[in-house]
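Asks: mind looking at a prediction? Sequence and model below.
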Amino acid sequence: MDLVPHRIPRHVAIVMDGNGRYARKRYMPRFFGHKAGVDALVRVVRACADRGIEYLTVFAFSSENWNRPEDEVSSLMGLVLVAVQKHLPELQREGVRIRIVGDREGVSAQVREACERAERATAHNRRIHLSVAFNYGGRWDIVQACRRIAAAGIAPQQIDEALLARHMAMSFAPDPDLFIRTGGELRISNFLLWQTAYAELHFSDCLWPEFGEAELDAALRDYARRERRFGTVKADPVLAATA
Ligand code: FPP
């Protein structure tokens, strides 16, 4: 089945898992896998834009990743600086708007400034919105939204789902339609818990650095076959065939 334009998801969210195993298979340190992961990310951003996907959100560093060995944490932080330095000009040229979502307080001023530089440089781009979840956790996001609502003095009876959604870190984007996780694990791992309530889930055994156009298209074909119901009844196959 070829990709059907009206079945392309507006928003794809990806847990980029498998960098460590990619490195281990090559007898290399984990950093080697993360570095290859950045190259895969740039490839996938381009492929998503070419397919008309409007929003791509990726999990680059979770609230829990601070518990990794110190040298891995510092190499991931350093990688942000390298990634911005190396890839910002081409992402800029390709019309990618970059946003960083997550708790900025926890990261160093140097990393925060590099992220903000990327955001400022691409603020007028519209071809695809790339959100990089960094020092992010789905539970953190719900808590920070509640805190902001409380700080604004909003009365309990005024709080509903729409209001909470407006205070979440991804309030600028529609909810993800398709959630992809690479690396073979079947978990959401605290990514976009609120926003993926009705996302279609696709799990790939491919390690993230090896994920490319073919794997993306497999996920998009899988998505195109799904019947999205948002809690409503299943379509009657007889009525659907005669419609
Ligand atoms: C999970 O693989 C991956 C991460 C914790 C980091 C993801 C980061 C990137 C792909 C780089 C892009 C991000 C930046 C800094 C711009 P893992 O290490 O858990 O792999 P494993 O399960 O095979 O050990």
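Replies: Yep, it's here.

Asks: check contacts around residue 64.
Replies: Contacts of residue 64 were listed using Cβ atoms under 8 Å, 6 or more residues apart in numbering, and they are 137, 189, 190. Just so you know, the C-beta spots here come from the backbone N, C-alpha and C atoms, and that holds for glycine as well.

Asks: how about the backbone phi and psi for the first one?
Replies: Yep, that's residue 137 we're talking about. phi -150, psi 140 (degrees, to the nearest 10).

Asks: can you tell me which of the contacts of residue 64 lies nearest to the ligand?
Replies: residue 189 (9.3 Å; Cβ to the nearest ligand atom).

Asks: please, which helix or strand holds the closest one?
Replies: Remark: residue 189 resides in no helix or strand, with elements defined by DSSP states H and E.

Asks: what residues of the lengthiest helix in the chain count as buried?
Replies: When the chain is parsed with DSSP state H, its longest helix is helix 70-93. Going by neighbour count (16 or more other Cβ atoms under 10 Å), the buried part of helix 70-93 is 75, 76, 77, 79, 80, 83, 84, 87, 88, 91, 92.

Asks: pLDDT on that helix, on average?
Replies: The average pLDDT within helix 70-93 is 96.

Asks: before we move on, back to that, select from the contacts of residue 64 the one having the most neighbours.
Replies: When these are compared by neighbour count (other Cβ atoms under 10 Å), residue 137 ends up highest, at 22 neighbours.

Asks: just grab the bridge partners of the residue lying closest to residue 219 once chain neighbours are set aside for me.
Replies: Computed as Cβ to Cβ, 6 or more residues apart in numbering, the closest residue to residue 219 that is not its neighbour in sequence is residue 202, at 4.5 Å. Using DSSP bridges, the bridge partners assigned to residue 202 are residue 180.
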